[in-house]
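K.L.:
Let me see the structure of the following:
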Amino acid sequence: GVFPAAAAPASPAAPAWTRVFAGADSMPGRGQHGMTVTPNGDLYVFGGSHWVTKMKMHTYEFLGDFWQCPYGGRFANLTAASECPIPKTIEPHLTSDAEGRVYEFGGIQGDLNGVFSQRLYRYDPATGAWRDLTPAVSPVGREDHGFVGDWKRDQLWLFGGVDAYAVQLGDLWHFDVASTTWQRVTPRDGELRPEARELYDLVWDGKDALYLFGGYSDAAASYLHDFWRYDILTNHWTDLTTVSGSAAIAPRSYVGSAIDANGVLWLAGGYHSPYALGGFWRYDTHFGGHWTDLSALAPAQFLPRATY
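P.N.:
Modelled structure (predicted):
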């Protein structure tokens, strides 16, 4: 994988990129997988897909393996040891909570004609086991959604995606870890909000806000480069597209995004049919301002998973 070498300070110092193998050569290459980092720095990867050749035909193979890389360590396959109950899945989304437990929601299970999952699973490193937390009331199954943990309130947040009928979604939900219940969050009437879309990442700033960038909108029949902040305390969306200058970033979906400990939001790569895109940008969520283009420092075109 390719990761920023270190968390950048709030000043616009240029980051460096380092290729980190960390035993990843033992893990099959993949895309469309889930990835998250826990508060203590453990990196987890689940599922996805890779190309295989069968009878001279190229096809997708879904993956259902589960891997961990401790901070400074090497990847280890936990699939058997954890008795992972999740079927082979593409577009699974992972996040974590304050206790370092890993959650998975959504994706397509089985094959390309499979189930759009609405089940919620949790892996607890203290016990080394998975648990199905799916309550009676859950969001509809989906892929290409935003899913992130809010460690301050021990909640999980879910936005958007695409359902089994290829309908794009614009709903917002939170899951309370203590009560294991989902609740749909309805914006106030007449207020601005992001349009329904498919996207890759929803990120939490470590305080009281969520951020999302871009995606693809069926209604607009176009890729997007809008930029939004959701205030958790006031249930209010703010369109930051103009004030942040995000329109200068070429429209894209499948962009990697992550916020570091200093409140700096990083964007990398993405996709605009029919090509993967390059690019690398930073935005300071604590002090606002404009996006800074650091694309000259980034790898070539790629479809990343990014996390912090």
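K.L.:
what separates Trp237 from Leu212, distance-wise?
P.N.:
Look at Trp237 and Leu212: by C-beta to C-beta, to the nearest Å, they are 10 Å apart. Glycine gets a C-beta too; all of them are placed from N, C-alpha and C.
K.L.:
who's more crowded, these two?
P.N.:
Leu212 (24 against 19; other C-beta atoms under 10 Å).
K.L.:
so what sits against both of Trp237 and Leu212?
P.N.:
Pro194, Trp228, Tyr230 (C-beta atoms under 8 Å, 6 or more residues apart in numbering).
K.L.:
Return the closest of those with respect to Asp176.
P.N.:
Tyr230 (17.1 Å; C-beta to C-beta).
K.L.:
just to confirm, which helix or strand has that closest one in it?
P.N.:
strand 222-231 (DSSP states H and E).
K.L.:
swap in His50?
P.N.:
Using DSSP H and E, His50 falls in strand 43-54.
K.L.:
Find me whatever residue is spatially closest to the residue nearest the centre of the chain, sequence neighbours aside.
P.N.:
In the chain, the centroid-proximal residue (C-alpha atoms, centre = their mean) is Asp201; its distance is 3.6 Å. Among residues not flanking Asp201 along the chain, Ser257 sits closest, at 4.3 Å (C-beta to C-beta, 6 or more residues apart in numbering).
K.L.:
and that neighbour, bridged to which residues?
P.N.:
On the basis of DSSP bridges, Ser257 is bridged to Leu267.
K.L.:
count of neighbours near it?
P.N.:
Counted with other C-beta under 10 Å, Ser257 comes out at 27.
K.L.:
for it, what are its contacts?
P.N.:
Per C-beta under 8 Å, 6+ apart, neighbours of Ser257: Tyr200, Asp201, Val203, Tyr211, Phe213, Leu265, Trp266, Leu267, Ala268, Ala306.
K.L.:
Would you reformat the residues you listed as JSON lines and include pLDDT and distance to Pro251?
P.N.:
Listed next are the contacts of Ser257 as JSON lines, based on pLDDT from 0 to 100; distance: C-beta to C-beta, whole Å:
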{"residue": "Tyr200", "pLDDT": "77", "distance to Pro251": "14"}
{"residue": "Asp201", "pLDDT": "87", "distance to Pro251": "16"}
{"residue": "Val203", "pLDDT": "95", "distance to Pro251": "19"}
{"residue": "Tyr211", "pLDDT": "97", "distance to Pro251": "17"}
{"residue": "Phe213", "pLDDT": "97", "distance to Pro251": "10"}
{"residue": "Leu265", "pLDDT": "96", "distance to Pro251": "18"}
{"residue": "Trp266", "pLDDT": "94", "distance to Pro251": "18"}
{"residue": "Leu267", "pLDDT": "94", "distance to Pro251": "12"}
{"residue": "Ala268", "pLDDT": "92", "distance to Pro251": "15"}
{"residue": "Ala306", "pLDDT": "65", "distance to Pro251": "18"}
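K.L.:
So which of those residues is the closest to Leu94?
P.N.:
Looking across the contacts of Ser257 and measuring by C-beta to C-beta, the closest to Leu94 is Asp201, at 11.3 Å.
K.L.:
and the gap between that closest one and Asn77?
P.N.:
Taking C-beta to C-beta, one finds Asp201 at 25 Å from Asn77.
K.L.:
All the helices of the stretch 201-308 of the chain, in order from the start?
P.N.:
241-244 (DSSP state H, counting those that start in this stretch).
K.L.:
so where's it uncertain?
P.N.:
301, 303, 306-308 (pLDDT under 70).
K.L.:
Would you mind listing the buried residues in stretch 89-98?
P.N.:
The neighbour-count check on stretch 89-98 (16 or more other C-beta atoms under 10 Å) flags Thr89, Ile90, Glu91, Pro92, His93, Leu94, Thr95, Ser96, Asp97 as buried.
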